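# Provided below for reference: sequence and predicted model.
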Amino acid sequence: RELLTKIMNWTKKSTIQNSLNYNWKPKRFWLMNWNGELVKTVGIQIYSVGDHASRDLVGTLKALKEMGYDCVELAGLYGLTAKDMRKALREAKIKAVAAHFQLHDVGDDFLSFVAMYKSIGVKYLVFATVPDELRPVDGSDNKEILEKWAYMGRICSEQGIQLAFHNHEWDFEKKVDGLYMLDYLREHLPHEYFQPELDVGWVLAAGIDPVEYMSHFYGYLPLVHAKDFQGTLDESTVEEGKQINRHNFKGFRFCPLGNGNLDLPAVLKASEANYSKYIIVEQDSSEGQDSLECARISRENLKALGW
């Protein structure tokens, strides 16, 4: 009993204190078929076609499957129970590999919340955006914040789910101990408790090279959010010492993947180099076009590049 108590105490402490010494290597065999070839899996964030999904979820899921999407990422349950969501996914013959959530969605019981998504088949539970109470603060040891991340990550891990975080361009505006927030969390949390879902479109909108930044997460970047936008950077609007954002791009508008500023071939190549499991298409707004048509164009552009 004394030995078990020591082990439990060590485990609690090691969650934070020993994370930098955590020896983790990418499990490459997860991503290979029997011929040693990379398995290329493409999904889409349902939010991208939310207008259709809210009217006819099953019909929308079937349409996405017919376009060639292998899986979807949920953004809520569209008023359905977990049981009914499972039924809708089965009917459409498509899987939900991930789900976005906000902290206010959780309620009082995080374990039950995670278990609900596990019952749907979700493998990644992703913060759509990070609330202030979970944002590390520059100049602080951030002990309580890191413990909250570790607690949620551990609950997810025990249920066979990976906790992840989807970035926006504003997540690069402030640094913590000289690091962007994603890098800070990477260095202070065990990888099995935290992994990024890197939105390369928002990285680009922040004035950062997405391909170079993807290398910061070599081997533990399972989900790549593939977003694209059009617009020209207006240098006259960039303030010295401040991070670039979407408002510095003249004519900024979201567009189908491959039709904008993102160097899609380079991002796909970097995804392979980093052993990313999934490319998840997301288009925040269809900008007057039909959202399903935008989804189709994005999928066709990926197919043209071997995905």
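Now that the structure is in, tell me what you want to look at.
# do you know how far the residue nearest the centre of the chain is from Ala128?
For the chain, Glu197 is the residue whose C-alpha lies nearest the centre (CA atoms, centre = their mean; 2.5 Å). With distances taken as CB to CB, to the nearest Å, Glu197 is found 10 Å from Ala128. Yep, even glycine has a C-beta here, placed from its N, CA and C like the rest.
# Give me the common contacts of the two.
Both Glu197 and Ala128 are in contact with His166, where contact means CB atoms under 8 Å, 6 or more residues apart in numbering.
# on that earlier part again, for the helix or strand containing the residue nearest to the centre of the chain, what does the pLDDT average out to?
Secondary structure assignment for Glu197, by DSSP states H and E: strand 195-199. Across strand 195-199, the average pLDDT comes to 97.
# any idea which helix or strand of the protein has the worst average confidence?
For the chain, using mean pLDDT, DSSP states H and E, the weakest element among its helices and strands is helix 2-17, scoring a mean of 41.
# tell me what the helix or strand just after it is packed against?
The helix or strand immediately downstream of helix 2-17 is strand 41-45, counting by DSSP H and E. Judged by 3 or more CB pairs under 8 Å, 6 or more residues apart in numbering; DSSP states H and E, the packing partners of strand 41-45 are strand 71-75, strand 95-101, strand 278-281, helix 291-304.
# can you tell which of those is closest to Asp56?
helix 291-304 (10.8 Å; CB to CB).
# just the helices in this protein please.
Under the criterion DSSP state H, the chain contains helices at 2-17, 50-55, 57-67, 82-92, 103-106, 110-120, 143-158, 181-188, 200-205, 210-214, 264-273, 291-304.
# So which of those helices is the most surrounded?
helix 200-205 (a mean of 26; mean count of other CB atoms under 10 Å).
# Who are the packing partners of it?
helix 210-214, strand 223-226, strand 228-233.
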